[in-house]
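>>> I need the structure of the sequence given here:
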Amino acid sequence: MKQLLALTLLVCACASDNYDQPVYSPRNSPPPPVATGGLDMLPPADWWHQPMLADAVRVTADQIAALDRIPADDSSRLERDMMVAMRDVRSVLDSKQPTNDDIVTAGQRVRALRDSLFDKQIALLAAERTILTQDQWQTLQQQLQDRRAQRRQDNGYPRRGGRGTGGRGRFPG
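I've put the predicted structure just below:
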């Protein structure tokens, strides 16, 4: 009888899990974004092609054409270079005998890349802002703020949806 009870408990323990709870795993999360230096008002690239933002802002066809003429932002290359430069700073700091000049030079490279990235972001922001009316700009900023608030509310986890079990557990029914 005790063996049957032990076997039943073992089967129940193996069959149950905490499937619906998200698991915190910082190693699987995306890397933190590069500091924007206060440019949190910067909309995502090609935001005027995203229906949720474009419809809310009510961008006209002429404005879309003008926004499409803005030179493509190459900040992704700069951000990649920034990660390499930060890695270089860490490797210099972790070396056996770092020199003052090596550390300062690596730090100055990071600063130069940040300055360049900031300049490009400001130029892009200025170009987009001059195309939009004040009401459109305020609507865009409100939409971006709402998105950030939603992301904070979701604790960084993507919303569940689509073809799932609907919270009923592993097996529907």
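
>>> what is the mean pLDDT for the helix of greatest length in the chain?
The residue-count maximum for a helix in the chain (DSSP state H) belongs to helix 100-131. Average pLDDT, helix 100-131: 91.

>>> likewise stretch 60-72?
pLDDT averaged over stretch 60-72 gives 86.

>>> Pull the residues that contact it.
With Cβ atoms under 8 Å, 6 or more residues apart in numbering as the test, stretch 60-72 has contacts from 48, 54, 59, 124, 127, 128, 131, 132, 136. All C-beta atoms are positioned from the backbone trio N, CA, C, and that covers glycine.

>>> Tabulate the residues you listed (JSON lines), appending neighbour count and distance to residue 89.
Listed next are those as JSON lines, based on neighbours: other Cβ atoms under 10 Å; distance: Cβ to Cβ, whole Å:
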{"residue": "48", "neighbour count": "19", "distance to residue 89": "37"}
{"residue": "54", "neighbour count": "18", "distance to residue 89": "40"}
{"residue": "59", "neighbour count": "20", "distance to residue 89": "41"}
{"residue": "124", "neighbour count": "19", "distance to residue 89": "27"}
{"residue": "127", "neighbour count": "15", "distance to residue 89": "32"}
{"residue": "128", "neighbour count": "19", "distance to residue 89": "32"}
{"residue": "131", "neighbour count": "20", "distance to residue 89": "38"}
{"residue": "132", "neighbour count": "19", "distance to residue 89": "38"}
{"residue": "136", "neighbour count": "17", "distance to residue 89": "41"}
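
>>> hang on, the earlier thing: show me what the longest helix of the chain packs onto, helices and strands only.
helix 61-68, helix 75-94 (3 or more Cβ pairs under 8 Å, 6 or more residues apart in numbering; DSSP states H and E).

>>> right, and these - which one's nearest residue 102?
Of all the helices and strands packed on helix 100-131, helix 75-94 sits nearest to residue 102, with 5.0 Å by Cβ to Cβ.
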